[in-house]
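**Student:** Could you look at this predicted model? Sequence included:
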Amino acid sequence: MREAELSSGLALTNQIENNLWETWSNFGRGPGCALHDEHGALWFETPVPIIPYNGVLKFQVSENPDRRIGAIVEHFQCRQVPFMWIVHPSSQPTDLPSRLTRYGLKDVEPIYGMARSLADLPEVPRLPEAIEIRKVADERDASAFYQFAAWRWNIPKEHAPQYAFIVSELRLGLPASKAHLWQAWRKGRPVAKAGMYLGSGSAGIYGVATKPEARRFGLARALTLIALHEARTSGYQVAVLHSTPMAEALYQSIGFATLAEFRLFASEEVMV
């Protein structure tokens, strides 16, 4: 991005949206999945019947929006799977939240779209000697990540192999992949993780999570900064992410600014 664009809140908000759409679209391209990109609506479905692995990523529909909303809702109801619906800054119609509520979707929580320049990054903090951070670069580490993600999202045991098969399409650890993942290990077990997707002209931070026994070690901060430093080395100028209200202060302390509010709607109550 050019410097003038970096200073534009609108341009950065567009980057936040575009990186999200490109990243999550990958889940619709995996084995047994489907990606629908039709007339202003972008949504995906997978064989994993839990949130967030089925849902609507983009909705910019000005003509007959209720008919389109109803068709998507009915589709997931026929499949009998819960699904999410992300309301983003450029969503259309502008009263989309109230329309989704009328169709029975629940307003789960706000998600803050954040961005920062990669020109002046803090140093990665020192960690306890018992902690090792390494990038996923082989099948053993990738397998450990699949198990970590299954824990994070409460993926049923019978669907864990499907999830691993789908995510393997991201080609984690391979040189040509846009997806990168780091894990913090303690006593031979991964206890924290952070992912980065290099898409749509920006470095998107995703999937930052720490297990309860490893909190207060600063692992989320360290993993995020490691990813940002690699993005800068790769020539990227801006990083974006989507934060829960609980994590917003952490990312602000790293230099991210909150630029836009997204809202997560879902067909049932979920914890994110």
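**Tutor:** Looks like it arrived, so ask away. Quantities reported herein were computed from a predicted structural model and do not represent experimental measurements. Numbering: from 1, shown residues only.

**Student:** where does this protein have low pLDDT?
**Tutor:** 1-7, 270-272 (pLDDT under 70).

**Student:** Strands along that one, start to end?
**Tutor:** Using DSSP state E, the strands of the chain run over 34-38, 41-45, 54-59, 84-87, 106-117, 131-135, 179-186, 189-199, 202-210, 238-243, 257-266.

**Student:** Dump the ones you listed to TSV, plus mean neighbour count and distance to Ile16.
**Tutor:** (Glycine included, C-beta is placed from N, CA and C.) Listed next are the strands of the chain as TSV, based on neighbours: other C-beta atoms under 10 Å; distance: least, C-beta to C-beta, whole Å:
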stretch	mean neighbour count	distance to Ile16
strand 34-38	14	19
strand 41-45	21	15
strand 54-59	24	12
strand 84-87	24	11
strand 106-117	20	4
strand 131-135	15	24
strand 179-186	22	18
strand 189-199	23	12
strand 202-210	22	8
strand 238-243	24	4
strand 257-266	18	6
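
**Student:** can I get those strands in JSON lines with distance to Pro93?
**Tutor:** Below are those laid out as JSON lines (distance: least, C-beta to C-beta, whole Å):
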{"stretch": "strand 34-38", "distance to Pro93": "17"}
{"stretch": "strand 41-45", "distance to Pro93": "12"}
{"stretch": "strand 54-59", "distance to Pro93": "9"}
{"stretch": "strand 84-87", "distance to Pro93": "11"}
{"stretch": "strand 106-117", "distance to Pro93": "16"}
{"stretch": "strand 131-135", "distance to Pro93": "43"}
{"stretch": "strand 179-186", "distance to Pro93": "33"}
{"stretch": "strand 189-199", "distance to Pro93": "27"}
{"stretch": "strand 202-210", "distance to Pro93": "27"}
{"stretch": "strand 238-243", "distance to Pro93": "22"}
{"stretch": "strand 257-266", "distance to Pro93": "14"}
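
**Student:** nearest to Ala231, of the ones you listed?
**Tutor:** Nearest to Ala231 among these is strand 202-210; the distance by C-beta to C-beta comes to 3.5 Å.

**Student:** so what strands line up beside that closest one?
**Tutor:** strand 189-199 (antiparallel), strand 238-243 (parallel) (DSSP bridges).

**Student:** Show residues contacting the longest one.
**Tutor:** The contact list for strand 189-199, computed with C-beta atoms under 8 Å, 6 or more residues apart in numbering, reads 18-19, 22-23, 131, 144-145, 148-149, 178-185, 203-211, 213-214, 217, 219-220, 223-224, 226-227, 230-231, 234, 236.

**Student:** thinking again about what came up before, TSV for the strands paired with strand 202-210, including distance to Glu268?
**Tutor:** Formatted as TSV, these follow (distance: least, C-beta to C-beta, whole Å):
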stretch	distance to Glu268
strand 189-199	25
strand 238-243	20
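
**Student:** for those, which one sits closest to Leu105?
**Tutor:** Among those, the nearest to Leu105 by C-beta to C-beta is strand 238-243 (18.6 Å).

**Student:** relative to strand 106-117, how tilted is the closest one?
**Tutor:** If you take axes from the mean of the first three to the mean of the last three C-alpha atoms, to 10 degrees, strand 238-243 sits at 160 degrees to strand 106-117.
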